[in-house]
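Q: predicted model and sequence follow; I will ask about them next.
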Amino acid sequence: MQRYIVRRVFYALISLVLLSITIFCLIRFTGDPAVLMVEPGASEADLQAIRQEFGLDKPWVVQYGVFMVNMARGDFGMSIYYREPAFELYLQRLPASLLLAAVAMSISLLIGIPIGILSAVRVNSWLDTIGKTFSILGLSLPSFWVGLLLIMIFSVSWGWLPSSGSGTFWHILMPAFSLGWVFSAAYTRMARSAMLDVLGSEYIKLARLKGLPEKLVIAKHAFKNAVIPVLTLAGINLVIMMNVAVVVESVFAWPGIGRLLYEGISNRDFPVVQTTVLMGGMMIVVINLLVDILYAYVDPRIRYGQ
Amino acid sequence: MDSSPASVIDSVVLSADRPSRWSGLLRSFYEAPFVPLLILVLLVLTAVGADWLAPHDPTIGNLRARYLPPVWEERGSSEYLLGTDHMGRDVLSRLIHGSRISLVVATAAVLLAGVIGTTLGILSGFRGGWIDQVVMRLTDAWMALPTISFAILLAALLRPSEWNLVVILAAVYWTRYARVIRGEVLSLKERDFVRLAIVAGCSRTRIMGTHILPNIANSAIVMATLQFGVVIIAEATLSFLGVGVAPPQPAWGLMLFEGKSGLMTGFWWLSIFPGVCIMLVVLAANLLGDWFRVWSDPQLRQL
């Protein structure tokens, strides 16, 4: 187990290094990073000063070393627009993103699991058809358009919900739904196939042979095992959700990290954009590492398989 | 000759399969879902014939005809069937020209991503060793980046234009091909025909190109069809965020972005029509991709 963990951590570290090299190289391949750090229309003298200050006139290897050391210290550069450290801005916005992702996750699970389970229990019935239609619709609608439709219905026509901002419970409903909808489609599919697997297993046959009522077999025996993979996926998706919320957050002016990224682009605030993307990548590497270790802990075959 | 039951069954199945392969292919194509196919054919037709089909110029507006509603609404004009936007440009013409952008960008991006991913996947699976390690670790790292944020970062680095968008989308979406194709190549590598080719002295390039590529082409095509819808949504998202197609162009995502300011004042047609177009095309691509996946993999057909 320890050797397995050490190897996984090593792989994750390699991923992180490659991630930083990727971002570092992309920025330098596509142009002059000094231009990205100043307001448009800055003079050549300003650019030279910036290059001196940030060491952009030094060799790439040295620059990369500095970049890594700074990152390890939590220094991702200063925001050009806010004149504050980009990492602090990021931390300020994190709670709002977490809240949105958590609510969106609950909504998507509440929609996805029942539909998936029901369509597995009644395979090829009209319920199953609805479930399939629902999940393919979820994958085919852009989340920002769902958001626009919700605004149109609930804010403009009926005036029930606020169209943007944050603060109250009512503000979170529409952004959370438009974010959660896409993910609920994935849960529907997953719950359906997991439930079909479980229903074909021996212990379900035994439960039926014992003469348990069908409702009890499904609700108590099958359901618990069928939702495990769905919940695991949900754990990973919580992190992914925070990082793909950028478009939903910009539609509803929700003050999370997605909105920060969006402001970063419109203000040409490159350090902020870079921080958001790098932090997103790191979070996903770490959560994948945790899931790998958790799986290995639960299932010894993975531990000794390699 | 080997006459174990399994090999007898194999030879029967194979001989029954072979002569009718192409007619069988044609016949089962009739079972393709009709409506999605129709939508995609219509998309191609409008994209090709946009110049003739569009009643107005998509980028030049009539400032005296701003915010006209669709023809069936009270103030609607029969000259502008689906209404006009904030600059008096015809929504229908912009939708028609937008289909061209969506189709070209998505097709080019899917192709480019497919070529990059498949090449790297074959190389990494077949060559193994340090090449495999480098490619796979790179794939892991790129997959860890949240797709939309990564695309936004790239878009912030490059100038907004259609071809940069293609490069960005391909750079973000090649990883899935690489990973899946590598897995398939790993199992193909152990099969007899590849071993025989090695024994026969074929060069590595030849084995990868003529023996392995045809056998993984199917999965690559299935993945490409399934990615088409994803890429269209990604393109629309980037345009909606203002880092995709540049403003005077009539991309659907950009139209939604421009229409957003009119949402609260009740100009609903600016937000509804482009979204419906995106939805129909993506839905069609997903349904067709799903059908194609099941059709090309007999194991899945039973489910």
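A: Yes, it's here. Residues are numbered from 1 along each chain as shown, chains lettered A, B, ... in the order given.
Q: what's whichever strand or helix holds residue B:290 packed up against?
A: Using DSSP states H and E, residue B:290 falls within helix B:269-296. The contact analysis (3 or more CB pairs under 8 Å, 6 or more residues apart in numbering or on different chains; DSSP states H and E) places helix B:269-296 against helix A:126-140, helix A:143-150, helix B:34-48, helix B:91-127, helix B:213-240, helix B:252-260, helix B:298-301. Every C-beta, even on glycine, is put in place using the N, C-alpha and C of the backbone.
Q: between helix B:252-260 and that helix, find me the angle.
A: Counting by axes from the mean of the first three to the mean of the last three CA atoms, to 10 degrees, helix B:269-296 lies at 150 degrees to helix B:252-260.
Q: any idea of the mean pLDDT for helix B:269-296?
A: In this model, helix B:269-296 has an average pLDDT of 86.
Q: any idea how far residue B:59 is from the residue nearest to the spatial centre of chain A?
A: Geometric centre of chain A, nearest residue: residue A:240, 1.3 Å, by CA atoms, centre = their mean. Per CB to CB, to the nearest Å, residue A:240 is found 37 Å from residue B:59.
Q: what of residue A:58?
A: According to CB to CB, residue A:58 stands 46 Å off from residue B:59.
Q: coming back round to it: of all the helices and strands packed on helix B:269-296, which lies closest to residue A:99?
A: Residue A:99 lies closest to helix A:143-150 among the helices and strands packed on helix B:269-296, at 17.0 Å (CB to CB).
Q: helices and strands around that closest one, which ones?
A: helix A:169-199, helix A:246-252, helix B:252-260, helix B:269-296.
Q: tabulate these (JSON lines), appending mean neighbour count and distance to residue B:150.
A: Output for the helices and strands packed on helix A:143-150, formatted as JSON lines (neighbours: other CB atoms under 10 Å in any protein chain shown; distance: least, CB to CB, whole Å):
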{"stretch": "helix A:169-199", "mean neighbour count": "22", "distance to residue B:150": "18"}
{"stretch": "helix A:246-252", "mean neighbour count": "28", "distance to residue B:150": "11"}
{"stretch": "helix B:252-260", "mean neighbour count": "25", "distance to residue B:150": "17"}
{"stretch": "helix B:269-296", "mean neighbour count": "21", "distance to residue B:150": "21"}
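Q: does residue A:296 really touch residue A:6, like I thought?
A: No - counting by CB atoms under 8 Å, residue A:296 sits too far from residue A:6 to count as a contact (11.8 Å).
Q: neighbour-wise, which of the two wins?
A: Set residue A:296 next to residue A:6 and count neighbours by other CB atoms under 10 Å in any protein chain shown: residue A:296 wins out with 19 against 10.
Q: now the more buried one: which helix or strand?
A: Assigned by DSSP H and E, residue A:296 belongs to helix A:270-298.
Q: pull the distance from that helix to the chain's centre.
A: Remark: helix A:270-298 is offset 10 Å from the chain centroid, using CA atoms, centre = their mean, to the nearest Å.
Q: would you mark the buried spots in it?
A: For helix A:270-298, burial by neighbour count (16 or more other CB atoms under 10 Å in any protein chain shown) applies to A:270-285, A:287-289, A:292-293, A:296.
Q: now for it, which elements pack on it?
A: Using 3+ CB pairs under 8 Å, 6+ apart: helix A:270-298 touches helix A:2-29, helix A:33-37, helix A:86-121, helix A:223-244, helix A:257-266, helix A:300-305, helix B:129-144, helix B:147-157.
Q: can you tell me the closest non-neighbouring residue to residue A:118?
A: In this structure, residue A:118 finds its nearest non-sequential neighbour in residue A:127, 5.2 Å apart by CB to CB, 6 or more residues apart in numbering or on different chains.
Q: ok, residue B:211 next?
A: residue B:197 (5.2 Å).
Q: tell me what angle the helix or strand hosting that neighbour forms with helix B:91-127.
A: If you go by DSSP H and E, residue B:197 is part of helix B:192-199. Between helix B:192-199 and helix B:91-127, the angle comes out at 60 degrees (the same axes, to 10 degrees).
Q: what mean pLDDT does helix B:192-199 get?
A: For helix B:192-199, mean pLDDT rounds to 86.
Q: count of neighbours near the residue nearest to residue B:234 when sequence neighbours are not counted?
A: Setting aside the residues directly before and after it, residue B:234 is nearest to residue B:169 in space (CB to CB, 6+ apart), at 5.9 Å. Counted with other CB under 10 Å, the neighbours of residue B:169 add up to 29.
Q: now residue A:63
A: Neighbours of residue A:63 under the rule other CB under 10 Å: 17.
Q: contacts for stretch A:151-165 next, please.
A: Applying CB atoms under 8 Å, 6 or more residues apart in numbering or on different chains, the external contacts of stretch A:151-165 come out as A:150, A:168, A:170-171, A:173-174, A:251-254, B:263-264, B:266, B:268, B:271-272.
Q: farthest-apart pair in those, please.
A: Greatest spatial distance in those: A:168 and B:272, 28.2 Å, computed using CB to CB.
Q: ok so, going back, element containing the residue nearest to residue B:234?
A: Residue B:169 belongs to helix B:162-188, assigned by DSSP H and E.
Q: show me what residue of the stretch 151-300 of chain A gets nearest to chain B.
A: Chain B sits closest to residue A:243 of the stretch 151-300 of chain A, with a gap of 3.5 Å, by CB to the nearest CB.
Q: roughly how far apart are that residue and residue B:153?
A: Distance of residue A:243 to residue B:153, computed by CB to CB: 12 Å.
Q: and the pLDDT at the most centrally placed residue in chain B?
A: Residue closest to the mean C-alpha point of chain B, counted by CA atoms, centre = their mean, is residue B:228 at 1.7 Å. Per-residue confidence (pLDDT) for residue B:228: 90.
Q: flag the shaky bits of the chain, pLDDT-wise.
A: Chain wasn't specified; assuming chain A. Residue ranges of chain A with pLDDT under 70: A:30-33, A:36-41, A:54-55, A:302-306.
Q: to clarify, I was referring to chain B.
A: Checking chain B against pLDDT under 70 turns up B:1-31, B:298-303.
Q: residues from the stretch 1-150 of chain A in reach of chain B?
A: Within the stretch 1-150 of chain A, the positions near chain B by CB under 8 Å from any CB of the partner chain are A:11, A:14-16, A:18-19, A:22-23, A:26-27, A:30-31, A:36, A:136-137, A:139-142, A:144-145, A:148-149.
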